[in-house]
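Asker: Any chance you could fold what I've pasted below:
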Amino acid sequence: MIKPTLILATNNQHKVDEIRSVLDDEFIIISLKEAGIDIDIPEPYLTLEANASEKSKTIHELTHQNCFSEDTGLEVDALNGEPGVKSARYAGEEKNFKANIDKLLANLKGKENRKARFRTVISLIWNNEEYLFEGISEGKIIDVPRGELGFGYDPVFVPDESDRTFAEMTLEEKNKYSHRSKAVEKLVAFLRNLSPHRHIET
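Answerer: Just a heads-up that it's a prediction; the model follows:
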């Protein structure tokens, strides 16, 4: 039985690990590093959809293989949706997690509305066609970071269904609530529904 192979267009090992933890062994996921691709793909657009699409199309043009990418943003209601597409670079191009959290909490100081959501958009290029999948995790931003696990804004984000931050959860626990796992589950459902699944070119 041939397992479908997909290149994941990211240099972020945390994202690779999270996505692999959601997928079962029906699929082989290859990171950019494992594929021998050493590029940093720009994210110049104003939407998650456009940035995800840019990354997957760039890798597809390079490799002519099935691939997918994702772009994720934290959208905070009291900040009119910020940091959004700028989430990774909120405090600067160096993508410093702590600096991003410090800036977020400073901008939220004194605001009662702490409602926020993580949103992930996946762009899949499969047999030269593009498909988009979205996952959303609704929650709130807390005042003081908690937890040592996860990455990014995980220490200050509590999903609605829990009283713990993402950074206080194991990867398996986080997958029950996370935006990324919800988007990946839609991706997996799509691939499983392809017919005939096992004979599609990889």
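
Asker: Show the contacting residues for N11.
Answerer: The contact partners of N11, by Cβ atoms under 8 Å, 6 or more residues apart in numbering, come to S31, L32, K33, D40. Using the backbone N, CA and C atoms, a C-beta is placed for each residue, glycine as well.

Asker: Check the spacing between it and K182 real quick.
Answerer: 23 Å (Cβ to Cβ, to the nearest Å).

Asker: So D154 sits against T165, correct?
Answerer: Yes - D154 is within contact range of T165, at 6.3 Å (criterion: Cβ atoms under 8 Å).

Asker: what sits in contact with each of these two?
Answerer: Common contacts of D154 and T165 (Cβ under 8 Å, 6+ apart): G147.

Asker: And the helices in the protein, which stretches?
Answerer: Here the chain has its helices, by DSSP state H, at 13-22, 48-63, 97-108, 171-174, 179-193.

Asker: Can you point out the buried residues in the second one?
Answerer: By neighbour count with 16 or more other Cβ atoms under 10 Å, helix 48-63 contains the buried residues 48-60, 63.

Asker: what comes into contact with that helix?
Answerer: So helix 48-63 is contacted by 7, 9-10, 32, 35, 37, 39, 41-45, 65-73, 84-85, 119-125, 128, 130, 132 (Cβ under 8 Å, 6+ apart).

Asker: May I see the ChimeraX selection of the buried members of the residues you listed?
Answerer: Selection of buried members from those for ChimeraX, criterion 16+ other Cβ under 10 Å:
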select :7,9,10,32,35,37,41,43,66,67,68,69,70,71,72,73,84,85,119,120,121,122,123,124,125,132
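
Asker: Take the buried residues of helix 48-63 and lay them out in a markdown table including distance to R89 and pLDDT.
Answerer: Listed next are these as a markdown table, based on distance: Cβ to Cβ, whole Å; pLDDT from 0 to 100:
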| residue | distance to R89 | pLDDT |
| --- | --- | --- |
| L48 | 14 | 95 |
| E49 | 18 | 96 |
| A50 | 16 | 96 |
| N51 | 12 | 95 |
| A52 | 16 | 95 |
| S53 | 19 | 96 |
| E54 | 15 | 95 |
| K55 | 15 | 94 |
| S56 | 20 | 95 |
| K57 | 21 | 96 |
| T58 | 18 | 95 |
| I59 | 21 | 95 |
| H60 | 25 | 95 |
| T63 | 26 | 93 |
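
Asker: Among these, which one lies nearest to L104?
Answerer: Using Cβ to Cβ, L48 comes nearest to L104 of the buried residues of helix 48-63, at 17.7 Å.

Asker: And that closest one, how far from A106?
Answerer: 24 Å.

Asker: One more: R119?
Answerer: 23 Å.

Asker: would you turn the buried residues of helix 48-63 into a markdown table with distance to Y90?
Answerer: Formatted as a markdown table, the buried residues of helix 48-63 follow (distance: Cβ to Cβ, whole Å):
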| residue | distance to Y90 |
| --- | --- |
| L48 | 15 |
| E49 | 19 |
| A50 | 19 |
| N51 | 15 |
| A52 | 18 |
| S53 | 22 |
| E54 | 20 |
| K55 | 19 |
| S56 | 24 |
| K57 | 25 |
| T58 | 23 |
| I59 | 25 |
| H60 | 29 |
| T63 | 31 |
